[in-house]
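Colleague: Provided below are the primary sequence and the corresponding predicted coordinates.
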Amino acid sequence: MTVLNSKRIVNVEALLDCPELASIRFLNCGNPFRTNGKALFGSRGFAELDIDYS
């Protein structure tokens with residue numbers, strides 16, 4: 001999944017609960033997460049997780 005130009009991500013838990021989601025990238029999103037949002041994705045164990053410079 002690729003998310004483009006989203007400055008605010010809501011319902012992060014819904015993304016994390018999707019069993020078929022194996023990778024996710026956030027492009028040109030600024031900082032859409034609060035302090036714990038990025039950690040939630042990191043603990044999920046995605047095959048590809050690209051949010052470091054979002």
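Modeller: Nice, I can see it. Numbers count the residues shown, from 1 in each chain.
Colleague: Now the helix or strand of the chain with the lowest mean pLDDT: buried residues?
Modeller: One helix or strand of the chain scores below all others by mean pLDDT, DSSP states H and E: helix 37-44, with a mean of 75. Within helix 37-44, the residues that count as buried by 16 or more other CB atoms under 10 Å are 38, 41. From N, CA and C alone the C-beta is placed, and that goes for glycine too.
Colleague: repeat for stretch 13-30
Modeller: For stretch 13-30, using 16+ other CB under 10 Å, the buried residues are 24, 26, 29.
Colleague: Return the per-residue confidence for residue 54.
Modeller: Looking at residue 54, its pLDDT stands at 51.
Colleague: swap in residue 25?
Modeller: 85.
Colleague: In space, what's closest to it - neighbours in sequence excluded?
Modeller: residue 50 (4.2 Å; CB to CB, 6 or more residues apart in numbering).
Colleague: Let me see the contact set for the one you found.
Modeller: 24, 25, 26, 27 (CB atoms under 8 Å, 6 or more residues apart in numbering).
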